[in-house]
Every structure is written in C-alpha cells, then in structure tokens.
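Colleague: Fold the following, please.
(chains A, B, C and D)
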There are 2 protein chains.
Amino acid sequence: MSEKVKKRTLISDIAAHLEVSIATVSLVLNGKAKQSRISDAVAERVLAYVKEVGYKPNHLAKSLRTGKTHVIGLVVEDIANPFFATVAALIERQAFERGYRIIYCSTNNDTARAQELISMFQERHVDGYIVVPAADIEQQLTEILREHTPTVLFDRYLPGLPTNYVVVDGAQGIYDATSHLLEQGFSNIAFVTTDSAQTQMQDRLAGYQRAVQEHQLPQTVKHVAVSKDREAVLADLMAFIDEHRQCDALIFSTNYLSIYGLEAISRLGLRIPDDLAVISYDDHDLFRLYTPAITVIAQPVESIAKNVIDILLAELTQCASPAPRALQQVVLPPTLVVRQSSVRRAAAQGKKVRKQEAAG
Amino acid sequence: MSEKVKKRTLISDIAAHLEVSIATVSLVLNGKAKQSRISDAVAERVLAYVKEVGYKPNHLAKSLRTGKTHVIGLVVEDIANPFFATVAALIERQAFERGYRIIYCSTNNDTARAQELISMFQERHVDGYIVVPAADIEQQLTEILREHTPTVLFDRYLPGLPTNYVVVDGAQGIYDATSHLLEQGFSNIAFVTTDSAQTQMQDRLAGYQRAVQEHQLPQTVKHVAVSKDREAVLADLMAFIDEHRQCDALIFSTNYLSIYGLEAISRLGLRIPDDLAVISYDDHDLFRLYTPAITVIAQPVESIAKNVIDILLAELTQCASPAPRALQQVVLPPTLVVRQSSVRRAAAQGKKVRKQEAAG
DNA sequence: TGCGCCGGCCTAATCGTTTTAGGAACTTTA
DNA sequence: TAAAGTTCCTAAAACGATTAGGCCGGCGCA
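Modeller: Numbering: from 1, shown residues only, chains lettered A, B, ... in the order given. You can find the predicted model right below:
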C-alpha cells in the first residue's frame, strides 16, 4: 500500500485498454490512419484515450526504430558571446516551431574540444549539424559529410570543404568602417585583430588593407594572441596603443577584442574619440551603453539565423531525394551603425590634444 | 560501384569478426569482464579491435535498454544572461567530466514555456533536472518528483515544494549594499525591482526594507513591469527617477534592470555617483567596464554550480538506495564588490550638484 | 456460386543494445 | 569413474516503438 511509483503509460497499455492492436494505435498517432485504412471511429477512440491519459511516446524507442531523432546539434565558438547567443536563440525558436530540438555546445575555438563535441553529437545521432567551425576540424566534418548528414556552417567556412554556409561580408564591413573614419578626418587607422587564420578574420583584415591601400595610407595591424590571461592580453594591447601614438583611430575585428580595447584605452587615460576613435566589428549591449557609444559594424543576426535554419531544414525534410543537392553558400551584408566613438567633435581637435598630453 | 555510404559499425560486426558472441563484447565494453569471468585474452582482443575500428555504441539503443540517458536537463530563465550563462557553463564542465551531458533551454520566465520544456525533457528521458523555476510550475515539478527523478532548483525555490535547492542570500546582500550606501552618506535610497513574486526577488526586497527600517529612513520601492518593449521599460524608469529627485542612490535587484537603469540615468543626463549612486545585484562585464565602474552584489557562481552538480550527481549515482534521501537546501552568501558608483567623491557634493541642475 | 477487390485491422520483424540464466568443456574430488 | 566445481562464454529475452505485409469478411459482378 506504499505510494507507488507512477509507471509511464506505454503504447501497449493504450492498445490493451482499447482492445485494438499496438499497430493500430501507432498508425493513428503518426497520422497514417487514412492511408492504412483505419476507420474514423477507431481513430477517434484512440486519440481521445491518448489525450485522456496524456500518453507521450518514448522518443528513444521511436528514434531507434526510425533512425531520426529530430535533434540538431549546434556547435558555436562561445555561447556566452552575445553574437552567438542571439543567433542560437533565433535558430532555436525557428527549429522548435518546425518540430526540431537544438542541443548546443561551445568549442571555445579549441580544435580538440570541437572534435569531441561533434563526436558526441554523432553518438547521440543528431539529424543535422549547425557548426561554427574551429580551425583544423576538416577531417571530422568530412566524416559527417560522408555520412550525408545535413550540415550548415556559419560565421566562417573552411576553404576546400564542399559545405553549405552562411557568412557575413566582413571585408566590406571593415572597408566601410575604414572609409567612414577617413571621411571623419581620421587618417592614421590601426586594425586590431586576433592571430586566427580563419576566413572571417582574414576577410576583415583584407577589407582594412584594401581601404588603406586605396588611400595610400600607412597600414598598422596588431595581431593579439588571445589567451585565458586577461591581464596579459590587456598589457599587450596597452603596449601596442602606447607605442602607436601617431594613430588616431582603432578598428577591432571582433567584439571581445573591442572590450579589451576599451579597458586598455580607459587605463591609458585616453579619451574616445578625441584621442582615439574606435569602431568595433559586432554589436554588443556594452557598445550601445558605453560613454561615448561605440560605432559598430553590426551583423544581420536575424538573417543569419533564418538562412541557416532554412537551408538545414530544407535538407532534412527532402531527404527522400538521393541526388546530391546544390550547395547553398550565402554571403550577407553587414551594416555600419555610426555612434559617437567615430565621429569628430566640433570643439576639440583630438590629435592635437593627444600630442600635447604625450609631450607633457 | 558508386561511392558507398559508410555504414556504422555495430556490436554484432565486432562479435562476428572476433568470432565471439555479442554478449561477450558487450560485457567487456561495460567493464563487466571480470565479474562475468571473461578471460583476459578475449577481453584484450575485444578492446583492441574495438579501438581499431573506432566502434561507438548506439546511445539510443543503450538508453532504451538501460533506462538511463546520462543526460541532465537544465532549465534556466535566460541562457543569454551572463549569470545563468556562467553557472550553466560551470555546471556543464563538471557534469561532462563525470560522464553526463547537459541540454539547456531558456524559459524567459514564461510558465507555459517552462512546462513545455519540462515536458520535452520528460519525453527525452533525462536522468535528472536542474531548474530555475518560473512561477506556477509547481504542478509540473510535482510530477517529476513523483517519478523520483533527481532534481535540484537554483537561484530561487518554490515554497511548499519539498525539493533540493541552492540559492543565494539576497536579503543579506541587499542589506549589506544598503548599509554601505548609508555609510557613504547616501540617505535617500530607492530600490528598483521587478514585479515578480518569486522568492529571490522577495528576499532582496526584504533585505532593503530591513535596512531602511533599522535606520528609520524613507522607503522608496519601484516595481518595474518588464516587457519586450525596451523603450516602454526605459520610459517607465526615467519617469520614476525623474519623479524621485530627492533620492540620492538606487539599488537594482537584478542585472538586466541595472542595464536599463544605466541607460535611463544616462538619458536623463544625471551623473553617477554625484547625482545618483548606483548598486546592482549581480555582476556583469558591463559593470566592471562602465565609467564609473558599478558597485555590485556578486553571486558566488562557482559555488552555486558546484553545489548544484554535487547534489544532483549524488542522487543520480546512489539511485540504488530506495530510501528517500534527505533534502539538500543550501543558502550561499553573496559578496559586495565596491566600485566607484557607490562611493562619494571627495570633491563634489553630489546632492547639491543635482539640486542645482534641477533648479536650473 | 465463384472470383476479385477493398476496407479494416493485426501479426511479427525490426532498430542496437544489455543482461540473466544457463551450458559446454575441463578440472578436481571421493 | 561419476559427481561436483570452475571457467569461459552464449542464447535469447527484454527495452518501446514503427511499418511492411497479410488475413478476413463483405460486396459487386458475371
């Protein structure tokens, strides 16, 4: 008489209670009543009873049998980064509405971890992948592709790998940002990026280079080695900024670099934009709220999410066709959002002020 | 002769190749070789071959058979909120090391969504739950508890529900913050919180009330109705601040409220801390970097994560004992991190300055 | 009356594992 | 030499669903 552990209802319980076969119940539940010529009367009884007892099929058994899990594996660089968090949230919502679930993981751009995660997703039999590829995971991805599991990359791609991808035209974004700074009268613009060799970073660098070359201006590029050691990164950046007093503007290639940059600039006691104009690639709460507000190259997050999920779901649902589908490779335009950090103030001549300080 | 889809290796393939039974392979792989008296010779051959072909068991089949998925469902309010993101990341790491995987979802404090998610986790047969409970989900949780699925709540709990939980002593945190402001000479302190009736918010409010009552000071509480409409929230906050010019300090009950608050204060052209001191519950990148840096009541994220996962794993692994385990209900202390936003500057008398401005 | 057809439902195989109950071969004991 | 142990491994029943194929009875038609 002790309190019983409530057993989960099984399809067999339903069948037994209604005195029909398990198959009948299953067919009704999967909407195959009509094509299997189950009478409406029986179908209705089944549905009514299922609803009454709140039966939920066991997804494990279902997936084992059908080979479909309706789960998509999402591998991003860092889910705590607002850019990835936002895109992930948008993707999740759309996938949910279409009956797919998302499981996410962060690689922190660590190749080994990325491999581990993809391997874990394989074990869990995800139906498809959305991946922000870390460096050197071509092999793992090749394996996935060989299994014909639908896959979409975003933010960056791996040259030479025949995959779908959705990326942003970072070269154009940075080119526009640089041009904007030049129009504002800044003439010595440095570009701060990471030491990554990945496509998105190379593109952004290329955009900077094209812009300064076109105007025959000096080119100053800083490659920051990102490490766990906050202070080391800050020290590195501060040294760079301090050693390049001739620069009057800085473009950061990604949001977390900009955050380091703002802290470095603040510690050096420099003022934005009077001493140094600043533009960041990627938007962020902080940039909107910072004083002064930071000009950014915003990525079209909604559009990225929509394209990614559309491409993936198209592949997932048209799995019937055995013919290899055409690759979808989408490049979206970013938007320059001009705020105070890159706009010359009427009153102060930033450069002059800074040189005085340096001299003092 | 066309390129073949590489079939996954099965345990039966291994068995066939080694000319042993499937059972033998399975026993060896599950470390039951010794207790099943499999000879070392066979065990080694199995392991060697498994490694060679890179066999990975099908988790779906395994889980179906054993009833264990080694997956923990994590339901938080908003995974994009740095507090939850950090705790989630810490929990994930620890769980991973102990062989468990985490799947997360955000409720956005929406009861219906929370129910949907828990229901989805039930379908997926998670082994345990970690939940930041939205309001009114007692019933769902009761159902989980009746199934004896190990569960730990955190950040807040549901009074009356006999569950494990890990929370932070928000009352003490806010009390300390209020006291600190009083010591700094601020005497008219308002408390800005949400309209939530949940325990964590009520606790924080209680801490404020105790502090002001002890000093027989006026009590000013603003309940912000958080909505999707950014501008509406901002307008509401700006109106409140504007109508309470006598206040010289503001305490915000949670990080995203503070972010709204900073924007409101900035739009009103008020200066921190001269016109208005500010303290936020919860730390955030933004608060460290803001000018001036914002004083916060920091929650012990590592400790929260460690307690949560330890309690959960203890229940998950000692499932053998049928006796109901004692409930673990942990309350951790927060830390006041004093920064410039709550410290009177020697030079300026904030209150005076502000009154002048208001008069002008 | 016999045949085919069709509507209505069920039987049973299957997905890839785990795990219990035992069985064959060999060794020891009496 | 038969009984009793050991040692090493296997057969087969689960787990909970899906789904191809089949069976049966009734109806229309010649």
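
Colleague: got the residues of the stretch 101-250 of chain A near chain B?
Modeller: A:101, A:103-104, A:106, A:119-120, A:122-125, A:146-148 (C-beta under 8 Å from any C-beta of the partner chain). Just so you know, the C-beta spots here come from the backbone N, C-alpha and C atoms, and that holds for glycine as well.

Colleague: Adding secondary structure and neighbour count as columns, could you present those residues in CSV?
Modeller: CSV is the format used below for these (DSSP: H, G, I helix; E, B strand; the rest coil; neighbours: other C-beta atoms under 10 Å in any protein chain shown):
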residue, secondary structure, neighbour count
A:R101, strand, 19
A:I103, strand, 23
A:Y104, strand, 22
A:S106, strand, 23
A:S119, helix, 14
A:M120, helix, 18
A:Q122, helix, 19
A:E123, helix, 15
A:R124, coil, 20
A:H125, coil, 19
A:R146, helix, 12
A:E147, coil, 13
A:H148, coil, 13
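
Colleague: In contact with the residue nearest the centre of chain A, which residues?
Modeller: Residue closest to the mean C-alpha point of chain A, counted by C-alpha atoms, centre = their mean, is A:F84 at 3.8 Å. For A:F84, the contact set (C-beta atoms under 8 Å, 6 or more residues apart in numbering or on different chains) comprises A:V76, A:E77, A:D78, A:S106, A:V132, A:D155.

Colleague: Quick one: residues contacting the first one.
Modeller: Read that as A:V76. Neighbours of A:V76 in contact, by C-beta under 8 Å, 6+ apart: A:F84, A:V87, A:A88, A:Y104, A:C105, A:S106, A:T107, A:V132.

Colleague: which secondary structure element contains the third one?
Modeller: Following DSSP states H and E, the helix or strand that holds A:A88 is helix A:82-97.

Colleague: Can you give me the buried ones in that helix?
Modeller: Neighbour-count burial for helix A:82-97, counted by 16 or more other C-beta atoms under 10 Å in any protein chain shown, picks out A:82-92, A:94-96.

Colleague: One more: stretch A:9-29?
Modeller: A:9, A:11, A:13-15, A:18, A:20, A:24-29.

Colleague: how long is it from one end to the other?
Modeller: 14 Å (C-alpha to C-alpha, to the nearest Å).

Colleague: For chain B, tell me whether that stretch is touching it.
Modeller: No - looking at stretch A:9-29 against chain B by C-beta under 8 Å from any C-beta, there are no contacts, and the closest approach is 12.0 Å.

Colleague: How about residues contacting that stretch?
Modeller: Outside stretch A:9-29, the residues that touch it by C-beta under 8 Å, 6+ apart are A:33, A:36, A:38, A:42-43, A:45-47, A:49-50, A:53-58.

Colleague: what do you get if the cut-off is 6 Å, keeping everything else the same?
Modeller: Residues from elsewhere that reach stretch A:9-29 (C-beta atoms under 6 Å, 6 or more residues apart in numbering or on different chains): A:A33, A:S36, A:I38, A:A43, A:R45, A:V46, A:Y49, A:V53, A:Y55.

Colleague: so who does the fifth one touch?
Modeller: Residues counted as contacts of A:R45 (C-beta under 6 Å, 6+ apart) are A:L18.

Colleague: That one and DNA strand D: what is the separation?
Modeller: From A:R45 over to DNA strand D the distance is 17 Å, taken as C-beta to the nearest atom of the strand, to the nearest Å.
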